[in-house]
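Asks: Sharing a model that was predicted from the sequence below.
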Amino acid sequence: MGADVLDMAGLTKIIFGAAAFQYVNAGSELGLFDHLHKTPDLTAEQIGADLSLARRPVDTLLLGTTSLGLTVRDGEGRYRNAPLVEQLFAEGQWEIIRDVIGFEAHIVYPGQQDFTESLRENTNVGLRRIPGNGPDLYQRLSETPFLQNVFYKYMRSWSELANPLLIEKTDLSGVTTLLDAGGGDAVNAIDLARAHPHLRITVLEIEQTAPIARRKIVEHGLEDRVQVVVGSIFEPYAGEYDCVLFSHQFVIWTEEENVRLLRNAHAALRPGGRVIVFNSITDDTGDGPLMGALDSVYFTALPAEGGMIYPWRDYAAWLDEAGFTGIELIPCRSWTPHGIATGTKPE
Ligand SMILES: C[S@@+](CC[C@H](N)C(=O)[O-])C[C@H]1O[C@@H](n2cnc3c(N)ncnc32)[C@H](O)[C@@H]1O
């Protein structure tokens, strides 16, 4: 994929990229985009009055959001949201974007300050920015309920955005029992259970996250088909399943850990059963997609010892190493670099 030839405008966006994020974050937190969605074509004075911002701050905010193309100013000095922002509102997707922005602001940005050091040390130095003593981000989140809430709001939104791709690209007609390994707040389990009424799903989660998943399952009235089991995805799984799903997992862990996860899945599958790995994946050419590269900063610096948005060839190699056959690599062709890697346990 690769980038266009770099010019000064491109270099400016790279160097000042963190400032660009601050504008979208401020616009989101201060309610600028929501306000312009409800009431377009406002002057700076009106926006300042409505958002309780003094003149210089509102001028600064609008200078940034308009220069970045997030808002549009007409010849009479009236502002409205960019067409894309309005489209996302119309499609009900702006809430998802808002949750992603919140996650970036409160969790990713603090942690990725340690990216260079994390590369040097080959470990997630940025975890020191998250309060607690747990060995990874997930074990620490419950110590700061605000961060736990930011994380699972984001994770639910991100997965809800992606799950239609998972549902469209996988055939679960022959699957009755599915283990959702590291299933978060059960967002995938709930979406899959709704799409496939014959499915019975077990969500495997750590102690700190299991209550969140249980609550969501009850909220959706799916207690009869979706259950939560506390345990580690790195320990042997109890039971025999038709399918094991890893959603947004393999980007977190090292290559050795991913092979270990696949071996566990292999042992927990009936012969002929399938493992499905669903998350962002990069091109084998090592030059994109850009979003996969940018997201790798977080996975290098923060959640666990070492992850990245790995390329397709790694998934094929790990599945093979863990004993799977019939390996399929399925790009999802969305604006996110989601893909699916799947394999079958031989009969
Ligand atoms: C990036 S989130 C993905 C959640 C969910 N699969 C999704 O796609 O929305 C990773 C999840 O893995 C869980 N997790 C991390 N380490 C785990 C472990 N050792 N055993 C079980 N779950 C784990 C975390 O608690 C977290 O909910």
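Replies: Here it is on my side, so go on. Residues are numbered from 1 along each chain as shown.
Asks: what about residue 279, helix or strand, and which?
Replies: Counting by DSSP states H and E, the element that carries residue 279 is strand 269-280.
Asks: Just the C-alphas of that strand, formatted as PDB.
Replies: As requested, the backbone C-alpha atoms of strand 269-280 are provided in PDB (Å, rounded to 0.1, in the frame of the first residue of the first chain):
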ATOM      1  CA  LEU A 269     -11.900 -28.100  19.700                       C
ATOM      2  CA  ARG A 270     -13.700 -31.300  18.500                       C
ATOM      3  CA  PRO A 271     -12.000 -32.900  15.400                       C
ATOM      4  CA  GLY A 272     -13.300 -30.900  12.500                       C
ATOM      5  CA  GLY A 273     -13.900 -27.800  14.700                       C
ATOM      6  CA  ARG A 274     -12.700 -24.300  13.700                       C
ATOM      7  CA  VAL A 275     -10.700 -21.500  15.200                       C
ATOM      8  CA  ILE A 276     -11.600 -18.000  14.100                       C
ATOM      9  CA  VAL A 277      -9.200 -15.100  14.700                       C
ATOM     10  CA  PHE A 278     -10.700 -11.700  14.000                       C
ATOM     11  CA  ASN A 279      -8.800  -8.400  14.400                       C
ATOM     12  CA  SER A 280      -6.800  -5.800  12.400                       C
END
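Asks: pLDDT averaged over that strand, what's the number?
Replies: Mean pLDDT, computed over strand 269-280, is 98.
Asks: and that strand, what other elements does it pack with?
Replies: helix 145-169, strand 241-247, helix 255-268, helix 290-301, helix 312-321, strand 338-344 (3 or more C-beta pairs under 8 Å, 6 or more residues apart in numbering; DSSP states H and E). Yep, even glycine has a C-beta here, placed from its N, CA and C like the rest.
Asks: Specify the angle between the third one and strand 269-280 in degrees.
Replies: Relative orientation of helix 255-268 with respect to strand 269-280: 140 degrees, computed using axes from the mean of the first three to the mean of the last three C-alpha atoms, to 10 degrees.
Asks: which parts of the stretch 201-347 of the chain sit against the ligand?
Replies: Contact residues (C-beta under 6 Å from any ligand atom) of the stretch 201-347 of the chain with the ligand: 204-206, 209, 232-234, 247-249.
Asks: contacting residues around the strand holding residue 279?
Replies: 162, 166, 170, 175, 188, 240-251, 262, 265-266, 291-292, 295, 309, 315, 319, 324, 336-347 (C-beta atoms under 8 Å, 6 or more residues apart in numbering).
Asks: Whichever residue of the chain sits closest to the ligand: what's it in contact with?
Replies: As assessed by C-beta to the nearest ligand atom, the ligand sits closest to residue 184 within the chain, at 2.7 Å. With contact taken as C-beta under 8 Å, 6+ apart, residue 184 is in contact with 152, 155-156, 159, 205, 209, 212-213, 247-248.
Asks: the helices in the stretch 51-200 of the chain, which residues?
Replies: 55-67, 83-90, 94-103, 109-112, 115-121, 137-141, 145-169, 187-195 (DSSP state H, counting those that start in this stretch).
Asks: Only alpha carbons, please: show the third one as PDB.
Replies: Listed in PDB are the C-alpha atoms of helix 94-103, where the atom choice follows Å, rounded to 0.1, in the frame of the first residue of the first chain:
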ATOM      1  CA  TRP A  94     -20.700   9.100  15.500                       C
ATOM      2  CA  GLU A  95     -21.200   7.600  19.000                       C
ATOM      3  CA  ILE A  96     -18.700   4.900  18.000                       C
ATOM      4  CA  ILE A  97     -16.200   7.500  16.900                       C
ATOM      5  CA  ARG A  98     -16.700   9.400  20.100                       C
ATOM      6  CA  ASP A  99     -15.900   6.300  22.100                       C
ATOM      7  CA  VAL A 100     -12.800   5.700  20.100                       C
ATOM      8  CA  ILE A 101     -11.700   9.300  20.600                       C
ATOM      9  CA  GLY A 102     -12.200   8.900  24.400                       C
ATOM     10  CA  PHE A 103     -10.100   5.800  24.500                       C
END
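Asks: Need the residues that contact it.
Replies: Residues from elsewhere that reach helix 94-103 (C-beta under 8 Å, 6+ apart): 24-25, 28, 33, 37, 85, 88, 150-151, 153-154, 156-158, 160-161.
Asks: with these in mind, which one is nearest to residue 195?
Replies: residue 160 (12.5 Å; C-beta to C-beta).
Asks: Look up the closest residue to the closest one, ignoring the ones flanking it.
Replies: Nearest residue to residue 160 in three dimensions, chain neighbours excluded: residue 187, at 6.2 Å (C-beta to C-beta, 6 or more residues apart in numbering).
Asks: wait, the one you found sits on residue 162?
Replies: No: the criterion here is C-beta atoms under 8 Å, and residue 187 misses it with residue 162 at 9.7 Å.
Asks: Contact residues of the stretch 51-200 of the chain facing the ligand?
Replies: 138, 155, 159, 182-184, 187-188.
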